[in-house]
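A.B. asks: mind folding the following:
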Amino acid sequence: MTKISVVSLGCAKNLVLSEQMMAQLTQQGFTLTDDYSDAEIIVINTCGFINDAKEESINTILDMAQLKESGCCRVLVVVGCLVQKYAYELAEELPEVDILIGTNHYDDIGELLTQYEQGGQERIIQVDNMWRPEKNVPSERLITTPDHYAYLRIAEGCDNHCTYCVIPQMQGPYRSRPLESILSEAEQLANEGYSEIILVAQDTTYYGYDLYGHFALAELLKALAQIEKLRWIRLLYAYPNNFTDELIEVIASETKICKYLDIPLQHSDDIVLKRMNRQITQVEIKQLLQKLRDKMPDIVLRSTFIVGFPGESDEQFQNLLDFLTEVRLDRVGAFPYSQEEGTSAAMMDGQIDDDEKERRATILMDHQYDIMYHKHKSWIGREILVKVDEVSEDVEHLLLCRSQGEAPDVDPFVLVYGDTVHQVGDYFMVKITGVDEYDYIGEMIS
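C.D. replies: Prediction:
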């Protein structure tokens, strides 16, 4: 049987699409392997969101292309966002790539591999902008996350058209999955032992508008909370524009919904926000954050910000720092603005030097670290429920845990030392006793 490896780059939503491809490929008789040097076919699911992501994708393609000489690889397949936007440039610059597949054709990968093998191994480029609606039934997946949590994709594409962003070009317009399809998949995941599901889309708060004529995330969350075997429901990438009072009430009242939100704000200065086409003001952002905290005093709020956007003055950057000082978000990521071809921001006056953008990102993260550290210290003495994510391979009897306030891969851990009782996936109560740089230190409560 033909051995195949799948390399998944980029966001959690991309990982779900990779898992769907992996399931399809196994159903069609391919054998998956994690050993790239042993794979006859290598599939790379790319990200093209910003320059760093594009560079990672290109470097990965080049690394895997070397295995056509030194390993078993005879077919190199590149799929996803980078292909959707740059298929023909990639084809010209990377002759080692045999098949290029855009974001409309993940489901066709098995058929295209067969076509390549039977067609004299002539290069295939499969890209178009005929965006497919989401299916009424969930796609099969071969889940690669630990067996206690899984990502659940609720939509594809985006309708926001922020001036810096290429996502609409790469993924098309917003396309919600039917509610019944999502619930069916969630039930299946719960029955397979996944006690935590993490909802992802480019913009989760926009969910349902294209299908039902109104924002339907609150309805979806209420229905998911009725699934008995689910313990935690986590929400990522919740854009601030479409938070209804009903949605806030559902998050606050349903005990299974994590009191944690990842809200991409991108900036706080009104002029910069307008140039970004974010459709929100600083006052409206502050009102939303206050409303969330009024309903859920212990909610953990995470966000991301772009620094060095075209025309961002020193005063506007300082406005952002002052905003962070005032609102005291729990977790923050900062990204230097990436000038993306085909976006209106790329053509704006006032482009800022790369070194200056990097400098501002460093200043912001240093500024936020102090805020985060003091917020973490305020949790000392509290008793919270955690789940074991990993058992440390380096320190004996050290458990790397998460509470409702931490998402996988991006947030700190709750470190529990000397525990010989619990295993990965177990839930138990701890008392927060200290802070170790980014991480909490917890002590098991008997």
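A.B. asks: against which helices or strands is the longest helix belonging to the chain packed?
C.D. replies: As assigned by DSSP state H, the longest helix anywhere in the chain is helix 354-377. Using 3 or more C-beta pairs under 8 Å, 6 or more residues apart in numbering; DSSP states H and E as the contact test, the elements touching helix 354-377 are strand 300-307, helix 314-327, strand 331-336, strand 427-436. For glycine as for every other residue, the C-beta is placed from the backbone atoms N, C-alpha and C.
A.B. asks: looking at these, which is buried most?
C.D. replies: By mean neighbour count, with neighbours taken as mean count of other C-beta atoms under 10 Å, strand 300-307 ranks first of those at a mean of 22.
A.B. asks: let me see the contact set for the closest residue to Met429 other than its chain neighbours.
C.D. replies: Nearest residue to Met429, sequence neighbours excluded (C-beta to C-beta, 6 or more residues apart in numbering): Ile445, at 4.5 Å. Going by C-beta atoms under 8 Å, 6 or more residues apart in numbering, Ile445 touches 383, 428-431.
A.B. asks: next, the buried residues of the longest helix of the chain.
C.D. replies: Buried positions in helix 354-377, judged by neighbour count with 16 or more other C-beta atoms under 10 Å: 357, 360-361, 363-364, 367-368, 371-372, 376.
A.B. asks: the stretch 151-300 of the chain: strands as residue ranges?
C.D. replies: Assigned by DSSP state E, counting those that start in this stretch, the strands in the stretch 151-300 of the chain fall at 155-156, 175-176, 196-200, 232-235, 257-262, 300-307.
A.B. asks: so what does the residue of the chain positioned farthest from its centre look like in phi/psi?
C.D. replies: Distance to the chain centre peaks in the chain at Gly120, reaching 38.2 Å (criterion: C-alpha atoms, centre = their mean). When read as degrees, to the nearest 10, the backbone of Gly120 gives phi 80, psi 20.
A.B. asks: pLDDT score for it?
C.D. replies: pLDDT for Gly120: 77.
A.B. asks: care to break the protein down by domain?
C.D. replies: 3-126, 149-377, 383-444 (automatic domain parsing).
A.B. asks: next, the distance between the ends of the shortest one.
C.D. replies: To tie it back to what came earlier, the one meant is domain 383-444. With C-alpha to C-alpha, to the nearest Å as the measure, domain 383-444 spans 9 Å from end to end.
A.B. asks: sorry, back to before: helix or strand right after the longest helix of the chain?
C.D. replies: Toward the C-terminus, helix 354-377 is succeeded by strand 383-391 as the next helix or strand (DSSP states H and E).
A.B. asks: any idea how far the lowest-mean-pLDDT helix or strand in the chain is from the middle of the chain?
C.D. replies: When the helices and strands of the chain are scored by mean pLDDT, DSSP states H and E, helix 67-70 comes last with a mean of 87. Distance, stretch centre to chain centre, for helix 67-70: 32 Å (C-alpha atoms, centre = their mean, to the nearest Å).
A.B. asks: kindly report the same for stretch 171-186.
C.D. replies: Per C-alpha atoms, centre = their mean, the centroid offset for stretch 171-186 relative to its chain is 16 Å.
A.B. asks: tell me the buried residues in that stretch?
C.D. replies: Of all the residues in stretch 171-186, those buried under the rule 16+ other C-beta under 10 Å are 171-172, 174-179, 181-183, 185-186.
A.B. asks: and which of these is nearest to Glu96?
C.D. replies: Glu96 has its nearest neighbour among the buried residues of stretch 171-186 in Gln171, at 25.8 Å by C-beta to C-beta.
A.B. asks: distance check, the closest one against Arg275.
C.D. replies: For Gln171, the distance to Arg275 equals 23 Å [C-beta to C-beta, to the nearest Å].
A.B. asks: could you say which helix or strand holds Ile44?
C.D. replies: strand 41-46.
A.B. asks: how many residues are close by Arg123?
C.D. replies: Other residues lying near Arg123 total 12 when counted by other C-beta atoms under 10 Å.
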